[in-house]
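> Have a look at this prediction, sequence included:
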Amino acid sequence: MMKKLLVFVLCFSIVSAQAQKTYTSFNAHSHNDYEQALPFSLAYQHQFGSIEADIWLKDGNIYVAHDAKDIQSERTLSKLYLEPINKLLQLSKHIYPKQHKLYLLIDIKTEAKASLDALVSQLQAYPSIIKNKNIIIAVSGNRPKPDDYIHYPSFIYFDGRPTEIYNQQSLEKVALISEAFYKFSLWKGEGTIKEEEKKKMIDAVSASHKMKKPFRFWATPDTEQSWKTLMEVNADFINTDHIEQLGKFLKQ
């Protein structure tokens, strides 16, 4: 009996080890990256796999800001993100070594269709970006209905939701699945999260993985304990406003 128990424990340990994701900086997501002292470049230096920019369409221009009152003429999507990425691609066809991907998560704050049309038009001026298979342009925030995803160019993908229903064509246009952390828990990132809440998070991630899509929780606590918890539930991206701290944590 003891021998059988030891064999079971050993097998379970092997399966658990195989299931555990290996986390690197490519699993890090720079939340509201434009609010960093060095937009794009700081997250890029730390090799973050996902970088987020909120955009506003105003007078035909695309600005990067958290709120409309924060719009500044010199802070455009092109200047802060597209031009720096384009310059990097002039030096190398790979945005990151070993063909790691960069998700540029563009959160639309203004009306979806007009903003998307303007975004598509602007991106077409950067063929090095839109033709690069390792750069994923994922539109979040205000988005069209899933059935309309297929009407957008091949270089435009979307940030999905667990509650949305996708047909096969629209699912192919979904780059990742995201959901608000507070829909699972009000935990503040200190101490231990409730097991039943953690189980709900695991189920959401698993459902996304069954669709072969990475999963991201947003509006998460931003502490070392919360980063560990996101790793324990197998989330694919770890949200942070603290780029250097999370980068160091993931290298340990």
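Happy to help now that I have it.
> Longest strand of the chain, counting residues only.
Among the segments of the chain that qualify as a strand by DSSP state E, the longest is strand 50-58.
> quick one: the helices in the stretch 51-200 of the chain?
In the stretch 51-200 of the chain, the segments counted as helices under DSSP state H, counting those that start in this stretch are 77, 83-91, 112-123, 127-130, 168-171, 195-210.
> Next up, the contacts around the spatially most central residue of the chain.
To find the centre residue of the chain, average its C-alpha atoms and take the closest one (Cα atoms, centre = their mean): that gives S50, at 4.8 Å. Contacts of S50 were listed using Cβ atoms under 8 Å, 6 or more residues apart in numbering, and they are A28, H29, S30, L102, Y103, L105, R216, F237. No exception for glycine: its C-beta is placed from N, CA and C like everyone else's.
> same check, this time on G60
The contact partners of G60, by Cβ under 8 Å, 6+ apart, come to A118.
> Torsion angles phi and psi at Q47?
When read as degrees, to the nearest 10, the backbone of Q47 gives phi 60, psi 50.
> Pretty sure it sits against F26.
Yes. Judged on Cβ atoms under 8 Å, Q47 makes contact with F26 at a distance of 6.3 Å.
> what is in contact with those two at once?
Counting by Cβ under 8 Å, 6+ apart, the contacts common to Q47 and F26 are Y96, H100.
> about what we covered before: how about the helices of the stretch 51-200 of the chain, which one is nearest L246?
helix 195-210 (18.7 Å; Cβ to Cβ).
> Looking at the contacts of S50, which is nearest S115?
Closest approach between those and S115, by Cβ to Cβ: L105, at 14.5 Å.
> If you tally nearby residues, what's the number for that closest one?
When neighbours are defined as other Cβ atoms under 10 Å, L105 has 27 of them.
> What residues does it make contact with?
L105 makes contacts with H29, S50, I51, E52, A53, A138, S140, D159, as judged by Cβ under 8 Å, 6+ apart.
> In TSV: those residues, plus pLDDT and distance to A68.
As requested, the contacts of L105 are exported to TSV (pLDDT from 0 to 100; distance: Cβ to Cβ, whole Å):
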residue	pLDDT	distance to A68
H29	98	24
S50	98	25
I51	98	22
E52	98	18
A53	98	15
A138	98	23
S140	98	18
D159	98	21
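> Just the buried residues of those residues.
H29, S50, I51, E52, A53, A138, S140, D159 (16 or more other Cβ atoms under 10 Å).
> could I get those as TSV with distance to S78?
Below are those laid out as TSV (distance: Cβ to Cβ, whole Å):
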residue	distance to S78
H29	22
S50	20
I51	15
E52	17
A53	11
A138	18
S140	19
D159	21
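> Which of those sits closest to I62?
Closest to I62 out of the buried ones among the contacts of L105 is A53 (9.6 Å), distances taken as Cβ to Cβ.
> residues contacting the closest one?
Applying Cβ under 8 Å, 6+ apart, we find A53 in contact with D33, Y34, P39, V64, L77, L80, Y81, L104, L105, I106, D107.
> and if we set it to 10 Å?
By Cβ atoms under 10 Å, 6 or more residues apart in numbering, the contact set of A53 is 30, 32-34, 39-40, 62, 64-65, 77, 80-82, 104-107, 140.
> okay, now the residue nearest to N234 when sequence neighbours are not counted: neighbour count?
Nearest residue to N234, sequence neighbours excluded (Cβ to Cβ, 6 or more residues apart in numbering): V205, at 5.0 Å. Neighbour count of V205, defined by other Cβ under 10 Å: 22.
> Then K198?
Taking other Cβ under 10 Å as the neighbour definition, K198 ends up with a count of 17.
> Pretty sure it sits against T192.
Yes. Distance between K198 and T192: 8.9 Å, which falls inside the contact criterion (Cβ atoms under 10 Å).
> re the thing from before, mind checking which of the helices of the stretch 51-200 of the chain is nearest F181?
Closest to F181 of the helices of the stretch 51-200 of the chain is helix 195-210 (Cβ to Cβ; 8.2 Å).
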